[in-house]
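Trainee: Based on what follows, work out the 3D shape:
(one chain, ligands or ions: 1)
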Amino acid sequence: MARAYTFGAPRGTNDRVKQVPGSVTDKLGEVFGEARVSTRLADLDASARDCWPRGLIAGLPDPGSRPLAVVWPEHVEEVSALVELARREGFALAPLGAGSGVCGGFWPDPRTVVVDLKRLTSFEVSEDGAEVRAGAGLLGWDLEQRLEKLGRTAGHFPSSILCSTVGGWAAARGAGQCSGRYGKIEDMVTELECVLGSGRHLVMRSRSGDVDLVPWLVGSEGTLGIITRVGLRLFPAPAERAMVAFSFPTFEDGQEALRVIYQGGLRPAVARLYDAVDSVLHTSKGSEDLPGEPEPRGGSWLPSLDTLEALALRSVLKAPGQLARLVSLLERQGRARSRLLLSFENVSDPAGQAQLATRWCEELGGEPLGEGPVRSWYEHRYDVSFRQSKVFRAGAFSDTMEVAAPWSKLADVYREVRAAIGDRVLLMAHVSHCYPDGAAIYFTFVGHGRSPERALLRYDSVWADALSAAVSAGACVSHHHGVGRSKAGTLAEQGSGAVRDLLGRAWDPEGVLNPGTLGFRGEPATLVGRAPLPGGEAAPHDRPLIQVDRVSQLVDVDAGLTLDELENLLFKQGLTLGAEGSGELRLRDWVAAGLPGLPSRWDDPVARPIAGLRGTLASGARCELSAAPRRAEGPDAAACFTGTGGALGHLERVVLAVARRGVQVDPTPGVRPMATAPSPDERAAFDEVRRASLPARARW
Ligand SMILES: Cc1cc2nc3c(=O)[nH]c(=O)nc-3n(C[C@H](O)[C@H](O)[C@H](O)COP(=O)(O)OP(=O)(O)OC[C@H]3O[C@@H](n4cnc5c(N)ncnc54)[C@H](O)[C@@H]3O)c2cc1C
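Mentor: Numbers count the residues shown, from 1 in each chain. Presented below is the predicted three-dimensional model:
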C-alpha cells in the first residue's frame, strides 16, 4: 500500500536529491520482499548515524532526521536493482557496514534509504591460498576466525575488528594494528566487486602496469559505488613473534628510533610509541575512563607519580594546560618518558630483527623493558573505546585525530597541535603506523563544557584548530579514520578536489550515493583549481628540478626528468629509486606506464613509491597531493596518473620515496595474487572517467 511521506526543509548536503514519493517503499518491497525492507522506528534509529563522537554530544537523532527506510540486500543483483531504483525515483542511498566509522561518513537524512550490507557474508579462499574473497558485510573478527582455521591471516586488525566489516574497511581506507608488516587496507585489496552509482556492476582487480580502478573506490566512503565483495591478499598465520619494548627520554627520540628501524629495512608488524602524557595516563589508576586505542599495561614505568593517579577526570579537564606543563616538566627531569612497543612476525628471523632493533634503539637512548609491556598490550589490544560513553556521562567529550606526515615534519605536527589545543583539552598522542618515509600520529583529546551546547562549541573549535594546525605543519587530513563529514571542509581546501569531482561525474552522475560525505555534491566549484601551495613553498615554475628530503627519504622532482637523470642525482646522496631498466623514460611517462621495473608491491607492502604529486587533469583542473606516507582521503588522486597512459592528465611534479643503497627488506611470505589485464567492464568504467575528464565541450 502506498504511504505518504513528508520531509523537512532540504538540508544543504542533500539538496540535489528529489523528493521521494510514498510508493518508494512498495517498490523497495518488490526488490527485497517485505521482510528485508523496514520503516520501523527501531530500525531507522539504529541505522541513523555512525560513531562520530559529535553525534554523542549532540544527542540522539531527532525524529525529523531519521532515514527513509532500511534494506538488507543478499545478492549483488539486488544492489544493482536498488541503485537503478534510486536513480529512477531520485532518492539517495547510504551504504552501511557495521557503523563503526567515527567521521560521519554514514549520516543518512530523511530522503535516504540505508543499504545495510551485513547479509553479504560470503567467504571463499582461492585454490592457491593467495587471496580470500569475502562478502562486504562480513565482520572483521569472523573473517579472521575463519582464516585462522586455515592457517592464514589477512593481516588487517583494526581496533574495531569486532564491530567493523570488510566492506567498511575498504570504503574508509583503514589501517590495522599490524600495518608495519602488512600495510594498510589499500595495500591488501586484490579485488572489489561493486555497483557504481551509475548502475554499472563490475569487478575491479588491483594491478600494476595498467589501469587500476581499485584505488579510486578504496577510501571513497560509499560515494562512488557500493562494494559487495572484497578480495584480500593472504599471508601464512605467523608461527612466532619476537617482542621488545623500550623507554625513551622523549617522544622525538622514540620517533627517531622508528625512522631508523623502518628506513633500515626492518618491518615490525606492531610499532607503537606513546608520548609522555599518553604514557603517564595509561599507567595511572583511573585510566579506565579514558578513551583511545589500546594502551600498554603490565607495570607502571612512572611509579613515582602517585599524585597524578589521584586526579579525577573532571579536575584534570578543568586544567588540561597545567597537566600538560607538569608532564613536560617531568619529561625534562627524565621522570616522564615515552614508551615504544615493537613486535616482529612473518619475517624470516623475528628474533634476529628484534635484536637488531634493540641495538639501534639503545644507540638512540632507548632503555629496554623486555617483552612484558608488548605481551600486555596484546592481551588488551581490543579493550577499546567502549569506555567512551563513561567519559560522555561524566559531562566530558573525547575524540581522536589521526594524521600522517613525512618523518621530517612529524615533530612539527606534534608540537603545533599541542600548541593549538593543549590549553583547552587533555591531549595525548601516539605513533602507531610507520613507513620508511613517515608515520601516522594519533591524537586523543578529552574536554568538557558546562552544558551540551558549550561542549559542542568547544568540541568544534578544538577540532578545527587541531586539524588546521596539523595540516599547516605538513600532515594529510586523515591517515585511517577517513573524512566523512567531520573533515570534509578541510579536505575541500586541499588539492585533490578535482579528482573527487571528476569521479563523481563519471561514476555517480545523479549523486545518489552518500551525498555530503567527503564533501561530495557539496559545492564542487569550490573544490576545483584552488590547490594552495603547501606553506611557504616556491611556485611550481620556481622549484628546482629536484628537492631531497633526506630525513624522510623523499624526492620532490620535476616529472620531465628521466629515470637515469634522477638516479644519477640520487647516487651522489647514496640513495636510489630502485627501478630496473627504463632509464631513458621521463618520470611522467614511467608513472603513466605504471612504474615498470619496481619490485612487486606485494613484496614490501609498507613501502609505496608515490608520496605526493602535482599535475593538471585533461579538463584543465589542477590536482595536488602534498607528501604523506599514506592517507585515508579517497579516491586516490595518484591513480589518475599511474598506469593510465597519460589519458587523464599531465604530471608536473612527483614526490617519490627512495631508499639508501644496499638496504634490503625481507619480502613478505605467501603466494602473490595473480595479475590480470583489465576486463572489458573495467575498460568501460575507465572510459567513463576519461570522458568526464575532458573539458565540457569535448566530452561527447
Ligand atoms: C572503537 C573503534 C576503534 C576503531 N579503530 C580503528 C582502527 O584501528 N583502524 C581503522 O582504520 N579504523 C578504526 N575505527 C574506525 C572504523 O572502525 C573504520 O573506519 C571501519 O573501517 C569502518 O567499518 P564499518 O563496517 O563499521 O563501516 P561503516 O562505519 O558502516 O561505514 C564507513 C563508511 O564507509 C561506507 N561504507 C560502508 N560499507 C560500505 C560498502 N560495502 N560499500 C560502500 N561504502 C561502504 C559508509 O557509507 C561510510 O561512509 C575505529 C572505530 C571505533 C568505533
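
Trainee: what's the burial count for Ser47?
Mentor: Residues near Ser47, counting by other Cβ atoms under 10 Å, number 24. C-beta here means a position set from N, CA and C on the backbone, and glycine is covered the same way.

Trainee: mind listing what it touches?
Mentor: By Cβ atoms under 8 Å, 6 or more residues apart in numbering, the residues touching Ser47 are Pro67, Val70, Leu96, Gly99, Pro108, Val114, Asp116.

Trainee: Would you mind measuring from it to Pro609?
Mentor: Distance of Ser47 to Pro609, computed by Cβ to Cβ, to the nearest Å: 40 Å.

Trainee: circling back to that earlier point, so which of the contacts of Ser47 is the most crowded?
Mentor: Taking other Cβ under 10 Å as the neighbour criterion, Pro108 ranks highest of the contacts of Ser47 with 30 neighbours.

Trainee: For the stretch 151-300 of the chain, what lies in contact range of the ligand?
Mentor: By Cβ under 6 Å from any ligand atom, the residues of the stretch 151-300 of the chain that approach the ligand are 158-160, 164-165, 167-169, 171-172, 174-175, 221-222, 226-227.

Trainee: In those, find the pair that's most separated.
Mentor: Distances among these were taken as Cβ to Cβ; the most separated pair is Ser159 and Ile226, at 25.3 Å.

Trainee: So if I had to pick from these two, which one is more boxed in?
Mentor: Ile226 (29 against 21).

Trainee: hang on, the more buried one packs against Leu96?
Mentor: No: using Cβ atoms under 8 Å, Ile226 makes no contact with Leu96, being 10.1 Å away.

Trainee: residues shared between the contacts of those two?
Mentor: Residues touching both Ile226 and Leu96 (Cβ under 8 Å, 6+ apart) are Val115, Leu117.

Trainee: for the stretch 401-550 of the chain, what spans make up the strands?
Mentor: Residue ranges of the strands in the stretch 401-550 of the chain, as given by DSSP state E, counting those that start in this stretch, are 426-435, 438-448, 546-549.

Trainee: Could you list the domains of this protein?
Mentor: 12-116, 123-236, 242-448 (automatic domain parsing).

Trainee: give me the residue from the stretch 401-550 of the chain nearest the ligand.
Mentor: Distance from the ligand to each residue of the stretch 401-550 of the chain (Cβ to the nearest ligand atom) is smallest for His480, at 3.8 Å.

Trainee: where's that residue relative to Gly176, distance?
Mentor: Plainly put, His480 is 9 Å away from Gly176 if you go by Cβ to Cβ.

Trainee: Pull up the overlap in contacts between the two.
Mentor: Counting by Cβ under 8 Å, 6+ apart, the contacts common to His480 and Gly176 are Pro158, Lys184.

Trainee: How about the contacts made by His433?
Mentor: If you count contacts by Cβ under 8 Å, 6+ apart, His433 has them with Ala175, Ser179, Gly180, Lys184, Ala271, Ala404, Ala439, Ala440, His479, His480, Arg630.

Trainee: Among these, which are located in helices?
Mentor: Using DSSP state H, Ser179, Gly180 are the members of these that sit in helices.
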